[in-house]
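**Q** Fold the stuff below for me.
(chains A and B)
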Amino acid sequence: MRRLILSAVVALSLATPALAQTVAITNGRILTGSGVIERGTVVIDNGRIAAVGPNVTAPAGAEVIDAAGQVVAPGFVAVDSGLAGTEVSAVYDTNDLRQRSNTLSAAFDLSYGLDPWSFTLPVARLGGITRAIVVPNHPGSSGGHVHEHETAGAGHGGYHDPGLFAGQAAVIHLARGTDILVQPRVAMVAPFGAAGARVAGGARGAEFTLFRETLREVRLYARNRAAYDRGDLRDLSLSRADLEALIPVAEGRMPLIVTVHRAQDIRQVLRLAEEEGVKVILDGAEEGWLVAGEIAAAGVPVLLNPLTNLPASFETRAATMQNAARLHAAGVLIAIKGNEGSVHRAREARYNAGNAVANGLPYEAAIAALTVNPARIFGQQNRFGAIAPGQEADVVVWSGDPLEPLSQPTAIFIRGQAQPLTARNLELRDRYRPAERAYPPAYGR
Amino acid sequence: MNRSKLRGASLAALSCMALALALGACATTGTANGSAPTETASRDNGLPPGLESGADPAPYPSTYQPLPRRDAAIVGATVLTATGQQIEGGVVVMTDGRVAAVGGPDTPIPGGHEVIDARGRWVTPGIIDAHSHLGVYPSPGVQALSDGNEATNPNTAQVWAEHSLWPQDPGFNAARAGGVTTLLILPGSANLFGGRSVTVRNVPSVTMQGMKFPDAPYGLKMACGENPSRVYGNRNQSPATGMGNVAGYRRAFIEARNYARRWAEWRENGEGNPPTRDLQLETLAGVLAGDILVQNHCYRADEMAVMLDLADEFGYRVTTFHHASEAYKIADLLREEDICAATWTGWWGFKMEALDGIEENAALVHAAGACAVIHSDDDTLTQRLNQEAAAALSAGRRAGLQISEAEAISWITSNAARAIGVGDQTGSLEPGKRADVVIWSANPFSIYARADQVFIDGALTYDRNDPAYQPRSDFELGQPGSPASLGGAR
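**A** So this is what the prediction gives:
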């Protein structure tokens, strides 16, 4: 019995943010997310940022981390991520990011399938990632380049899915523990462009028409729930669950992440959003720079990968390394993505930001695109993203400029909790490090 | 190896064998004025052109000509030679397309050389991508141009990547802007034997032959593991398992040995009908003769060890394991066998055989004294191999390994050249080597460094600040965002 109580206590402590002791990180160069403090102190208390500034002193009794010569930055936010939603990409049973049922698309809530024990999380954490916007993948949206190493010889493009929507995204944190879910159902995801066209039967015009018709049905349903329940409403093409899930989208309360690449498709999406009163977030937008002014005028944010510079498909013929810089210069709010779905390679988001800087994006804008911008885009700006008083304390101390590969984290805090600088990959490394041993590596730890 | 069994070969084959024995390479990609006396040899044997196996080692010869070059000396830079040296205020002299001298600030500059001021910048050898599918899986990635995998049979040793290569792939230009001067273009990994590779100079060209690296050895792409067994297993065909894979390699090499013997006997006796030339077996026989280098896609340590036994069983050698995510588990073995491991830094977990890929892989292989290479296998990553090497170096240092930038640059230059069999030609800044040189805006291990100028055989082939040296492929013309479409500069 005593053991039971004890384990219950342990479970509880894992499930709630630990009230770690007060920590003061001193003498570091602080990137707040929206600016820089050349030399200052960050105080973490009760899981939150208590103070930050050049003249802040460490409270008595605080654990002091001297970050002289180091850089203190907010934890990075992986957007358009699959973290905790899949372990090994090609092992399909480990993938809870997409589903193919005929009766469910918009209502798919991936938050149920997120695994706090996923070994992808500590790996991403070592890349400075402390939060993620986990998004469902549309089973019909694969297009353009296919990686030879993954799909060698396999036919592709054979997916058929009836749904316009991939499902709903969730926000997680990456702290060690059992309760990583911050907020489920923060956004709806739908592919447009060629991928959307495939879903709708092969042409873009079909998808836009179908999409508008869907919103009409959702509104009809929302006004006539009782009649629907009585069976007095005309037949609707979506399931009840999908209709329910789409009400906040139709009412402009839940943002719609629109995967879209081609400039003209972006313009059509902006027009659709305005006419239908739908709040959209553009994902991809490789040709966004061609219509940057229109995106900025619409106040629509963009999730982008700054490395996408090849005409990988006919939708990205204008792709350029300057996309991030040009969108930012036009006043578009951007967030920078990791690579290949930001699961195993989520940790490369910082390099992507560095490359955006090398191609014209101001440095502080690049940091913002990894921190405060994604928080704002997904309505989390009061929780995390910045090193500012009152924010949940997601803080990473770096040996140098966090955008440089030669820099590594020296301390990681998520919601004020110190995180171990370990992961499965480091355990493998240590097992096979050069050493004199009589027994095989399997006997190592 | 039973090379003696090939005695009595034709004149061409004989000279080929002698070369192979002396230099370890013979089935080269050929030169414009290739010297193989194919016609004569064929007439001597009474065989019409094309029917004698291996008589012409370069039937699709290189027509590569260096771009107009100038003699120049790059001065004032931090030079990484890729021979382990870092020279401050270094001088690199390029004469007649070759590296003429490399040294400190006092290095004499011969007359008639343009002086390029590279103070505050860094200089490295041209970057070499030891694993690329540019041209065979080009942009745009449409089905019509998806020519990298002849996934119709587990053994397609008869196909040659050069016959799929589309020189207008815009990816070549993007790679060059990242400092890439030489690439090994490989067939895909669907098959046990995917076909021959082709080594290219990264210059714009209308024809594949115009890019072909003169006298580079051919490679044979082999693949271990999940890809072949998945592709064919899903068709209810062999191989469907790892053991099926190995049985497939063994059967093929048995046939190749027999094939080589049949030709040797016919050449010796000169009687009766000659054997029928078989392109598949010809390539495999070239591997057994040591003329064609084995470029082996293989992720797992245990599978690499099996492939080494296979090589011993049939008397060939593996030049490079590609992807080699678990090379760090057998680093000592790779050193002993003198085999390169070409890998990524950040890629892992996309399938079971890549699960144990760690960022420290290259550094651990390097620390064990083996040949570590960072490759791309990707049209995006190839543009930033310096950054992938930087991430690998960073991980190595995190593990406590003392590795300098001067050493780590070899992972994407000299070691990569060795891994594809052109180490005597390029990959380092040493007198006599091809003047394949990159001037970087900053330390190439920094994320902010960009290739300012790229020289191939001493010719300025890319200049970041001069649009006259920023070639575009035909496909890029008239596209959205192109200068013409915007009525101005991009």
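**Q** Residue ranges in the stretch 151-300 of chain A under the pLDDT threshold?
**A** Applying pLDDT under 70 to the stretch 151-300 of chain A flags residues A:151-162.
**Q** What segments of it are helices?
**A** Taking DSSP state H, counting those that start in this stretch, the helices of the stretch 151-300 of chain A run over residues A:193-200, A:204-223, A:225-230, A:240-250, A:263-276, A:292-298.
**Q** same check, this time on chain B
**A** B:11-23, B:38-45, B:170-177, B:226-233, B:242-269, B:279-288, B:301-314, B:331-337, B:361-367, B:385-398, B:405-408, B:414-419, B:483-486 (DSSP state H).
**Q** ok so, going back, quick one: which of the helices of the stretch 151-300 of chain A is nearest chain B?
**A** Nearest to chain B, of all those, is helix A:263-276, at 6.3 Å by Cβ to the nearest Cβ. Where C-beta positions appear, they are placed from N, C-alpha and C, glycine not excepted.
**Q** And the nearest residue to B:His375 once chain neighbours are set aside, how close does it get to A:Asp242?
**A** Of all residues not flanking B:His375 in the chain, B:His131 sits nearest, at 3.7 Å (Cβ to Cβ, 6 or more residues apart in numbering or on different chains). Distance, B:His131 to A:Asp242, by Cβ to Cβ, to the nearest Å: 44 Å.
**Q** quick one: which of these two has more around it?
**A** Neighbours were counted for B:His131 and for A:Asp242 using other Cβ atoms under 10 Å in any protein chain shown; B:His131 has more, 31 against 24.
**Q** got a pLDDT number for that one?
**A** pLDDT, B:His131: 98.
**Q** returning to what we had before: looking at the helices of chain B, which is nearest to A:Glu207?
**A** Of all the helices of chain B, it is helix B:483-486 that lies closest to A:Glu207, at 25.5 Å by Cβ to Cβ.
**Q** sorry, back to before: in TSV, list the helices of chain B along with distance to B:Tyr64.
**A** Compiled in TSV, these are given as follows (distance: least, Cβ to Cβ, whole Å):
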stretch	distance to B:Tyr64
helix B:11-23	20
helix B:38-45	20
helix B:170-177	14
helix B:226-233	32
helix B:242-269	30
helix B:279-288	22
helix B:301-314	31
helix B:331-337	32
helix B:361-367	30
helix B:385-398	22
helix B:405-408	30
helix B:414-419	17
helix B:483-486	29
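**Q** I'd like the ones you listed as CSV, with distance to A:Gln70, mean pLDDT and mean neighbour count appended.
**A** Formatted as CSV, the helices of chain B follow (distance: least, Cβ to Cβ, whole Å; pLDDT from 0 to 100; neighbours: other Cβ atoms under 10 Å in any protein chain shown):
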stretch, distance to A:Gln70, mean pLDDT, mean neighbour count
helix B:11-23, 52, 38, 17
helix B:38-45, 65, 48, 16
helix B:170-177, 33, 98, 24
helix B:226-233, 42, 97, 24
helix B:242-269, 47, 97, 18
helix B:279-288, 52, 98, 23
helix B:301-314, 36, 98, 17
helix B:331-337, 32, 98, 18
helix B:361-367, 23, 98, 28
helix B:385-398, 15, 98, 26
helix B:405-408, 21, 98, 22
helix B:414-419, 33, 98, 28
helix B:483-486, 44, 78, 13
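**Q** Which of those helices sits closest to A:Ala58?
**A** helix B:385-398 (27.8 Å).
**Q** Determine the set of other helices and strands touching the closest one.
**A** Counting contacts by 3 or more Cβ pairs under 8 Å, 6 or more residues apart in numbering or on different chains; DSSP states H and E, helix B:385-398 packs against helix A:349-358, strand B:127-132, helix B:361-367, strand B:371-374, helix B:405-408.
**Q** Return the list of strands paired to the second one, each annotated with direction.
**A** Just to be clear, that refers to strand B:127-132. strand B:180-185 (parallel) (DSSP bridges).
**Q** Kindly format the C-alpha coordinates of the strand it pairs with as CSV.
**A** Output in CSV follows, covering the C-alpha atoms of strand B:180-185 (Å, rounded to 0.1, in the frame of the first residue of the first chain):
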residue,chain,number,x,y,z
VAL,B,180,30.2,21.3,-55.0
THR,B,181,32.6,20.6,-57.9
THR,B,182,32.5,16.8,-58.3
LEU,B,183,29.6,14.4,-57.7
LEU,B,184,29.1,10.7,-57.9
ILE,B,185,25.8,10.1,-59.5
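**Q** got the residue ranges for the strands in the stretch 51-200 of chain B?
**A** For the stretch 51-200 of chain B, the strands defined by DSSP state E, counting those that start in this stretch cover B:72-80, B:86-95, B:98-103, B:114-117, B:122-125, B:127-132, B:180-185, B:193-196, B:198-201.
**Q** How about the stretch 301-445 of chain A?
**A** With DSSP E, counting those that start in this stretch as the criterion, the stretch 301-445 of chain A has strands at A:302-304, A:334-336, A:395-398, A:409-414, A:417-419.
**Q** Turn the ones you listed into CSV, columns for mean neighbour count, mean pLDDT and distance to B:Gly423.
**A** Shown next, in CSV, are those (neighbours: other Cβ atoms under 10 Å in any protein chain shown; pLDDT from 0 to 100; distance: least, Cβ to Cβ, whole Å):
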stretch, mean neighbour count, mean pLDDT, distance to B:Gly423
strand A:302-304, 26, 98, 40
strand A:334-336, 29, 98, 38
strand A:395-398, 25, 98, 37
strand A:409-414, 21, 98, 37
strand A:417-419, 20, 97, 44
